[in-house]
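# My questions concern the predicted model and sequence given below.
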Amino acid sequence: MRTLRLAILLLVGSTLAAQTTKTWEENKFEEFEKGTSKGVAISSQGSLQLAPDLKLLVTSPSTFLWGAVSDARGNLFAAAGSPARVYRVTTDGKITIVFSTEDLQVQALAIDRDGSVYAATNPDGKVYKITAGAPAKDKKSAAPAKPADAKPDKSLEKPDEPRIENDPNYTSSLFYDPKQKYIWALALDDAGRLYVATGDHGEIHRVEKSGAGSVFFKSDEAQIRSMAFDGANLIAGSDGSGLVYRVTPDGKGFVLYSAPKKEITAIAVSKSVIYVAAAGEKKAAPGGPAMPVMPGATPVTLGGATHVIGGNLTLQTTAVPAVPQMIPLPGLGATGSDIYKIAGAPSRIWTSREDLVYALTIDHNGKLLAGTGNKGKIFEIDDDGDYVDLQKASANQVIAFAPAASGDLFAITSNLGKVFLVQDATQRQGTFDSDVFDARLYSRWGRTEARTTGSVELWARSGNVDNPDRNWSDWQRIDTANDAPIAAPASRFLQWRAILHSGLPTATVDYMRVNYLQENVAPQVDEVTVLVGQKFAQSPKTVSEVLAAAPPSSTPSGPRFDQQAMPARDRNYIAIRWNAHDDNDDQLDYTLYYRGDNETRWQVLKDDLADKFYSFESNLLPDGGYTIKVVASDVPAHSPGLGLSSNQLESSHFEIDNTPPVISNLTGALENAKIHIRFTATDAMSIIRRAEFSLDAGEWRFIAPKGEIADARTETYDFMESVSAANAQADSSGEHVVSIRVYDRAENLATAKVVIHATETRKK
């Protein structure tokens, strides 16, 4: 049998070779996303390419930046919180303060054609106008804003950062008070009128250039979160039911779409195509709007009210006045977002379970960009659902975009509050480091297979701990030109790096494969169980059958899953099942051995098994006590002489007992109208488990042996039974039949009977 099986294994040698050499491959977006990109974009189609250049212009002292606009000269204005300010940032990175307030934050901005900036504050819900030039007088009916040339509140500044000066060219004045708790968004129409999106009553106010305003549109939602213009019509998104409104110039609203999410976090419009981002589950929050907490932020109680303050900022309670309302920060309670395209029938073009969309914009190339958190990513998204993970900012949330005069794009972030310039040109060089691969065993690294275009360098390094910073090997360049194996030392862990250079053709990486060979380790048998009186309904496969059915080029793609078999009760069979594993995931074969009591040699019961179960007829072996041993081997997965065998694990002792007990000395007599029965039951192999009797074909009734405990191979029984109670219908002749049946532990059955006549009646 062994010789024949070896011959079969040699015939399928190509299959066996494929089972020992393994391949680690990365070619999907989800796989590349686990790596680390520096200047490398990741396509949803599963490819790497150079990303647009992301230049950090400035890091502000404010933890949160909430909105941004830019003027015709390319200056950026950023709305900030903690502390609440409006910053002016030039393209060369110079930052000044043009507006500050004692409110908790400046939430939204808008800029008109003459460069005047409108700033909305929370939680006081007011709009200020910031202008360059001579100071303007505040309205007498409203509290004046802190002028831009006033000294900044030093209690709101971090002591370890350089002081940011106020810009003396800008002054501010209160422009409009909607008498609402919150202002979430601002927008200007072509006539220069300002639209103010508010909460908690879901109103949009329209404000003339003079500052006179009124309710333009009233929603039945609590919050209007986002706005954008589609020609003359205003597009607005709500929080609560996730409604997208189209509001005509006369203030008449129509619901374009009710999104599956609760909040419309951002809107962008391009050529009458509307894009909206939505987040959050549609669940009513008891007790009013909740205050979700941004990662890295801390709830702080000020004046009896709770506010979200960045974890990197320390506030003194005297610096911020008491505010009697919690601020439901936009989108911060949700995880994951959808983006919908509304051009006729709405359709979802992008979704993520992790990334929350805070901002949408259309760049000068007509591409839709999304700014997300809480990993600070910028995505480029096509109408057909393809997308590219363009860049990752060194902050948690990309909150807003604004156009730069050069055609590039400003991006502002929160946690930390930074301003970036997303440049149209791609990086000159980008680096992508893969996720750390765990081969699970000490392995030798073979050749790589990669599909690349343009100028791409491939490198690799290895180590024996999962952290590459802990004494791994140096990076070694992969010599793809000469098809050379990876030069990194044999180890358990591996990481590869791709360096992409600019030029033509465009540098890309579509996939990367690494071939490797694990050090062979012996399989292990973990458990052996023998089930007496049970049988597996299906027959186990042999290794020869498994290998013959496998295609020649089959390569295991992951851990092996064995078929499970359930035994059924059958007293004529013995079932055996076992658990075993192989750290190499090799195909294993199993050999079963048996040994009887008082024997020294193990005999082969069955070999060439691929499954982990087997059953056989119990009468194949004589009655007696036995032990089963299972040995696993990975010979089918290796060249001759290189396979290993497992430990030899033995089962618990079990008994085969196919011989029924013997009933002897059975006697019966009538004594004083009672039947008196005596007999002995003996079994050669196992103990007597139970005995029963039947009087005159009545029901079977249990009887206990002398001593009452059935625990011996020989048991004696002596009992009496009333005739009248047991059989009221006994015939007049007084003859009775008593049937006896006895079971041993293996459920073998013996029967006997005794006939009692009236003439045998004895008196005591």
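Thanks, I have it. Only a predicted model underlies this, so the values are computations on that prediction, with no experimental measurement involved.

# Show the average pLDDT along stretch 390-404.
Averaging pLDDT along stretch 390-404 yields 93.

# tell me which residues of that stretch are tucked away?
Buried positions in stretch 390-404, judged by neighbour count with 16 or more other C-beta atoms under 10 Å: 390-393, 395-404. In this view, the C-beta of every residue, glycine as well, is placed from N, C-alpha and C.

# Nearest to Lys129 among those?
Taking C-beta to C-beta as the measure, Lys129 lies nearest Ala402 of the buried residues of stretch 390-404, at 18.5 Å.

# Using the three-state scheme, assign Ala712.
Assigned with DSSP: H, G, I helix; E, B strand; the rest coil, Ala712 falls in the coil class.

# Counting neighbours, what do you get for it?
Ala712 has 14 neighbouring residues, counting by other C-beta atoms under 10 Å.

# Leaving out sequence neighbours, find the closest residue to it.
Nearest residue to Ala712 in three dimensions, chain neighbours excluded: Ile687, at 5.8 Å (C-beta to C-beta, 6 or more residues apart in numbering).

# ok, now how distant is that neighbour from Gly734?
Relative to Gly734, Ile687 is positioned 37 Å away (C-beta to C-beta, to the nearest Å).

# hmm, back to that, export the buried residues of stretch 390-404 to CSV and tack on secondary structure and distance to Thr335?
Shown next, in CSV, are these (DSSP: H, G, I helix; E, B strand; the rest coil; distance: C-beta to C-beta, whole Å):
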residue, secondary structure, distance to Thr335
Leu390, strand, 21
Gln391, strand, 21
Lys392, strand, 18
Ala393, coil, 19
Ala395, coil, 18
Asn396, coil, 13
Gln397, strand, 13
Val398, strand, 16
Ile399, strand, 17
Ala400, strand, 20
Phe401, strand, 22
Ala402, strand, 27
Pro403, strand, 30
Ala404, coil, 31
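
# could I get those as a markdown table with distance to Ser214?
A markdown table is the format used below for the buried residues of stretch 390-404 (distance: C-beta to C-beta, whole Å):
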| residue | distance to Ser214 |
| --- | --- |
| Leu390 | 42 |
| Gln391 | 42 |
| Lys392 | 44 |
| Ala393 | 40 |
| Ala395 | 39 |
| Asn396 | 38 |
| Gln397 | 34 |
| Val398 | 35 |
| Ile399 | 30 |
| Ala400 | 28 |
| Phe401 | 31 |
| Ala402 | 29 |
| Pro403 | 31 |
| Ala404 | 35 |
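
# and of the residues you listed, the nearest to Gly624?
Gly624 has its nearest neighbour among these in Lys392, at 71.4 Å by C-beta to C-beta.

# got a list of what the closest one touches?
Lys392 is in contact with Ser37, Lys375, Gly376, Lys377, Ile378, counting by C-beta atoms under 8 Å, 6 or more residues apart in numbering.

# returning to that earlier point: quick one: contacts for the residue nearest to Ala712?
Ala710, Asp711, Ala712, Arg713, Asp744, Arg745.

# Report the two of those residues separated the most.
It's Asp711 and Asp744 that sit farthest apart of the contacts of Ile687, by C-beta to C-beta, at 12.1 Å.

# Which of these two has more residues huddled nearby?
Asp744 (24 against 10).

# Next up, the contacts around that one.
Contacts of Asp744 were listed using C-beta under 8 Å, 6+ apart, and they are Asp657, Pro660, Pro661, Asp683, Met685, Ser686, Ile687, Ile688, Arg689.

# Could you do Ala228 as well?
Neighbours of Ala228 in contact, by C-beta under 8 Å, 6+ apart: Ala187, Leu234, Ile235, Ile267, Ala268, Val269, Ile274.

# hmm, 6 Å instead?
Contact analysis of Ala228 by C-beta atoms under 6 Å, 6 or more residues apart in numbering lists Ile235, Ile267, Val269.

# so Gly46 makes contact with Asn27?
Yes. Using C-beta atoms under 6 Å, Gly46 is in contact with Asn27, at 4.9 Å.

# Kindly export stretch 343-359 (C-alpha atoms) in CSV.
Provided in CSV are the C-alpha atoms of stretch 343-359 (Å, rounded to 0.1, in the frame of the first residue of the first chain):
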residue,chain,number,x,y,z
ALA,A,343,-29.2,64.4,-12.2
GLY,A,344,-32.7,63.1,-12.7
ALA,A,345,-33.0,59.9,-10.6
PRO,A,346,-30.6,60.1,-7.7
SER,A,347,-27.8,57.4,-7.5
ARG,A,348,-25.2,56.5,-5.0
ILE,A,349,-21.7,56.8,-6.5
TRP,A,350,-19.5,56.3,-3.5
THR,A,351,-19.7,54.9,0.0
SER,A,352,-17.4,54.3,2.9
ARG,A,353,-17.9,52.6,6.3
GLU,A,354,-15.0,54.5,7.9
ASP,A,355,-14.5,57.9,6.1
LEU,A,356,-16.9,60.7,6.9
VAL,A,357,-17.3,63.3,4.2
TYR,A,358,-17.1,66.9,5.5
ALA,A,359,-16.5,68.8,2.2
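
# Just the buried positions in that stretch, please.
Pro346, Ile349, Trp350, Ser352, Asp355, Leu356, Val357, Tyr358, Ala359.

# just stretch 59-78 next, same as before
The neighbour-count criterion (16+ other C-beta under 10 Å) identifies 59-71, 74-78 as the buried residues of stretch 59-78.

# before we move on, what about stretch 630-642?
Buried, per 16+ other C-beta under 10 Å, within stretch 630-642: Val630, Val631, Ala632, Ser633, Asp634, Val635, Pro636, Ala637, His638.

# Give me the neighbour count for Phe437.
If you count neighbours by other C-beta under 10 Å, Phe437 ends up with 18.

# Starting from Pro178, give me the distance back to it.
Distance, Phe437 to Pro178, by C-beta to C-beta: 57 Å.

# repeat for Gly454
55 Å.

# Pick out whichever of those two has more residues nearby.
Taking other C-beta under 10 Å, Gly454 and Pro178 do not tie; Pro178 has more neighbours (22 against 16).

# which phi and psi does the residue lying closest to the more buried one once chain neighbours are set aside have?
The shortest distance from Pro178 to any non-neighbouring residue, by C-beta to C-beta, 6+ apart, is to His205 (4.8 Å). His205 adopts backbone torsions of phi -100, psi 140, taken as degrees, to the nearest 10.

# now the stretch 251-400 of the chain, which segments are flagged as low pLDDT?
Scanning the stretch 251-400 of the chain for pLDDT under 70 picks out 283-334.

# Would you mind splitting this protein into its domains for me?
Domain assignment of the chain by automatic domain parsing yields the ranges 55-424, 456-510, 521-656, 662-760.

# Any idea how far the longest one is from the middle of the chain?
What that stands for is domain 55-424. Distance, stretch centre to chain centre, for domain 55-424: 31 Å (C-alpha atoms, centre = their mean, to the nearest Å).

# List the buried residues for the host helix or strand of Asn579?
Following DSSP states H and E, one finds Asn579 within strand 567-581. Within strand 567-581, the residues scored as buried using 16+ other C-beta under 10 Å are Pro567, Asp570, Tyr573, Ile574, Ala575, Ile576, Arg577, Trp578, Ala580.

# Enumerate the positions of the next helix or strand after that strand that are buried.
Downstream of strand 567-581, the next assigned helix or strand under DSSP H and E is strand 589-596. Of all the residues in strand 589-596, those buried under the rule 16+ other C-beta under 10 Å are Asp589, Tyr590, Thr591, Leu592, Tyr593, Tyr594, Arg595.

# One more: stretch 93-101?
Residues of stretch 93-101 classed as buried by neighbour count (16+ other C-beta under 10 Å): Ile95, Thr96, Ile97, Val98, Phe99, Ser100, Thr101.

# again, but for stretch 207-224
Quick answer for stretch 207-224 (16+ other C-beta under 10 Å): Val207, Gly211, Gly213, Phe216, Phe217, Ser219, Glu221, Ala222, Gln223, Ile224.
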